[in-house]
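**Q** Sequence and predicted structure below; questions after.
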Amino acid sequence: MSVTATLPRLPLPKERVQHLELLTQGLDTAGLWWLSGYAAGLAVRVDAASDALPDARAATEPETGARLTIVYGSQTGNARRVAEQLAQRLRDAGSDVRLARADAYPVRELAKERLLYIVISTQGDGDPPDDARGFLDFLAGRRAPKLDALSFAVLGLGDSSYPQFCVVGRKLDARLAELGARRLFAFGDADLDIDTVADPWTQQALVHAREVLKAQVQVQVANVTPLRPRVEPATWSAARPFKAEVVANQRITPAGSSKDVRHLEIDLSGSGLDYEPGDALGVLPRNPEPLVKAVLEALRLDGDAAVTQAEATHPLREWLTSKRELTRLSRPFVAALASSGDADLQSLLQPENGEALRALLAGRQPIDLLQKHPAEWSGETLIAALRPLAPRLYSIASSRAVVDDEIHLTVAHVERETETGMRWGAASHWLATRAEGEAIEVYLERNERFRLPADPDRDIIMVGPGTGIAPFRAFVQQRAAAGARGRNWLLFGNPHFRSDFLYQLEWQAALKDGSLHRMDVAFSRDQSEKIYVQHRLREHGREVFDWLEGGAHLYVCGATTMARDLEAALRDVIVENGARDTEAADAYIATLCEQHRYARDVY
């Protein structure tokens, strides 16, 4: 049977459509395909009007113990990518695999699992990814089951610039063992050069899966013909980026501002990239030429000399420009420099000096140490010590419903003068200095956890200080274009009203035309007492709580420290206005997360 044109009418009553939207909200690709097979199986059973057919759920899902489950917790998409690649390799090898985002995994099934792989990131200095918070809380709590029949392995992703490198994965690995599960092989801790650890970890996972899964259940899956043909997503990625043209690069803070914030408009024509509000754009940056020159001069190295690393050979200048981090200092680099015999650096690496090391990593770049602690380096040892240059993710500040094949970004140019020269952020400087007509390399990073409500009548509260305002510009554009009837409330903060009110005229126009229903601002330095967005949240706590009680969704975008303070303020709001104690307030927040009504995009 084939379907042509459009259906004559919607085959479901309106209230069932709303239920369907709530059911599918937040599901990943694997979940949606499973659901389609389940529904098709039910349809076959109804058409046959017979009890002879097996239950549709049993026909589409094997016994838990006969398959391998992969759970991932991912903030920026790296853990998700590793988990998806592992799942595909296992399927190609004939294994039956269930892939689940941590917040979509049914924890009640954990006791029945026999083989479990987990890929999970650590954000900043020890924070779990948002999509794994409930999963981790369950495992840490008294309801966690004994797991004597489970075999497992954990891969952690993190950033060794932080003292609590991969601590979330380490704790999870230890907790599973504490619950009685058998560790198949050692915990993997991947730094920003993810593949150097993830690849051998994945290879071990493949070998152990073949050993543990002695037999596979052959599953008959219903053959589903979608109403619309499935379109494979564009294959652009960090490894294969799309070259996009910059069509506008406008500074949106005045010359007197201490901040240089840019509004960029980028042409995606021909890319096939179809983004949604909440997604991010990955940008492959280049290090500033003066910084590359300073490194070469400090070490008296020839930029044209060929350097080989991991079977790749390039001129040293090319390695330093486009393939190695020069604006982020890492602990391994400090350790490599200390190995030359520098007593001060060796002391700094001792456990008791953790705070001093943290301050150094946060405030200095490799060039600062190379100039202050001279040592003999070859091109090969330098490239081996530096981390790979990682892509940078920027929250998308536009809706395709308004800008079509363009994509807009809001970028704070990181630039500061030091006693030894200018220092920049790699990606922000790269973007801020691109002229109209120049090309940049980009790819799309989807963020399924940061989506507008499926029900357009739901209210939303958006908290976005600084450049955290970016995704909410996209949200408001999208809701206005779709004619959503839900109210939009924006809380914005920055140091000064006169110089740092990003997109001020747009927000004033949105308030006037009704696409933005309310806006509260916090300009922290315009009075003697510093006022931040979390203060505004507490100040309007009664209304915030009433909106949440009415079904509103709460979104937060910005720095990790701000998001942590904002959540503390939210907890206080719930305690004060909801007649709850702290424990009950935490449970309220957890419920919001489970219902996908509290989402954070933090960095």
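**A** Right, received. Where do you want to start?
**Q** Identify the residue nearest Ser378 in space, chain neighbours excluded?
**A** Nearest residue to Ser378, sequence neighbours excluded (Cβ to Cβ, 6 or more residues apart in numbering): Leu301, at 7.8 Å. Quick note: C-beta positions are derived from backbone N, CA and C, even for glycine.
**Q** how many neighbours does the residue nearest to Ser269 when sequence neighbours are not counted have?
**A** Leaving out its chain neighbours, the residue that sits closest to Ser269 by Cβ to Cβ, 6+ apart is Asp405, at 4.6 Å. When counting by other Cβ atoms under 10 Å, one arrives at 14 neighbours for Asp405.
**Q** Pull the contacting residues for Asp405.
**A** Residues in contact with Asp405 (Cβ atoms under 8 Å, 6 or more residues apart in numbering) are 267-269.
**Q** to the chain's geometric centre, what's the distance from stretch 530-548?
**A** Here the centre of stretch 530-548 is set off from its chain's centre by 26 Å, with Cα atoms, centre = their mean, to the nearest Å.
**Q** Alpha carbons of that stretch, as PDB, please.
**A** What follows is stretch 530-548, C-alpha atoms only, in PDB (Å, rounded to 0.1, in the frame of the first residue of the first chain):
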ATOM      1  CA  LYS A 530      25.600  43.700  42.300                       C
ATOM      2  CA  ILE A 531      22.400  42.300  40.900                       C
ATOM      3  CA  TYR A 532      22.300  39.100  38.800                       C
ATOM      4  CA  VAL A 533      19.600  37.100  37.100                       C
ATOM      5  CA  GLN A 534      19.300  34.800  40.100                       C
ATOM      6  CA  HIS A 535      18.300  37.800  42.200                       C
ATOM      7  CA  ARG A 536      15.600  38.600  39.700                       C
ATOM      8  CA  LEU A 537      14.400  35.000  39.800                       C
ATOM      9  CA  ARG A 538      14.100  35.200  43.600                       C
ATOM     10  CA  GLU A 539      12.500  38.700  43.400                       C
ATOM     11  CA  HIS A 540       9.700  37.400  41.200                       C
ATOM     12  CA  GLY A 541       9.600  34.000  42.800                       C
ATOM     13  CA  ARG A 542       5.800  33.900  43.400                       C
ATOM     14  CA  GLU A 543       5.200  34.500  39.700                       C
ATOM     15  CA  VAL A 544       7.900  32.100  38.600                       C
ATOM     16  CA  PHE A 545       6.400  29.300  40.800                       C
ATOM     17  CA  ASP A 546       2.900  30.100  39.500                       C
ATOM     18  CA  TRP A 547       4.100  29.800  35.900                       C
ATOM     19  CA  LEU A 548       5.700  26.500  36.700                       C
END
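**Q** Residues touching that stretch, excluding its own?
**A** Taking Cβ under 8 Å, 6+ apart as the rule, stretch 530-548 contacts 459, 461, 463, 465, 487, 489, 491-493, 520-524, 554, 562, 565-566, 568-570, 572-574, 576-578, 592, 597.
**Q** Mind checking which of these land in strands?
**A** Among the contacts of stretch 530-548, DSSP state E puts 461, 463, 489, 491-493, 520-523, 554 in strands.
**Q** which one of these has the most neighbours?
**A** Taking other Cβ under 10 Å as the neighbour criterion, Val463 ranks highest of the ones in strands among the contacts of stretch 530-548 with 30 neighbours.
**Q** just checking, it touches Tyr555?
**A** Yes. Between Val463 and Tyr555 there is a contact at 6.9 Å, judged by Cβ atoms under 8 Å.
**Q** looking at it, Arg434 is touching Asn249, isn't it?
**A** Yes. Applying Cβ under 8 Å, one finds Arg434 in contact with Asn249, separated by 5.9 Å.
**Q** Now do the shared contacts for those two.
**A** Residues touching both Arg434 and Asn249 (Cβ under 8 Å, 6+ apart) are Leu264.
**Q** nearest residue to Arg416 other than its sequence neighbours?
**A** Excluding the flanking residues, the one nearest Arg416 by Cβ to Cβ, 6+ apart is Arg423, at 5.3 Å.
**Q** so that neighbour touches Pro366, yeah?
**A** No. At 10.8 Å, Arg423 does not count as touching Pro366 under the criterion of Cβ under 8 Å.
**Q** Comparing the two, which residue is more hemmed in?
**A** The neighbour count for Arg423 versus Pro366, taken as other Cβ under 10 Å, is higher for Pro366 (25 against 19).
**Q** So the more buried one sits against Arg324, correct?
**A** No. With contact defined as Cβ under 8 Å, Pro366 does not count as touching Arg324 (9.0 Å).
**Q** how many other residues sit next to Val295?
**A** Neighbour count of Val295, defined by other Cβ under 10 Å: 25.
**Q** now Arg324
**A** Count around Arg324 with other Cβ under 10 Å applied: 22.
**Q** and if you look at Leu566?
**A** Neighbours of Leu566 under the rule other Cβ under 10 Å: 22.
**Q** start at 312 instead
**A** Let's use 312 as the start, then, which means that last one is Leu877.
**Q** helix or strand for the residue nearest to it when sequence neighbours are not counted, which one?
**A** Spatial nearest neighbour of Leu877, excluding adjacent residues (Cβ to Cβ, 6+ apart): Gln845 at 4.9 Å. Per DSSP states H and E, Gln845 falls inside helix 844-850.
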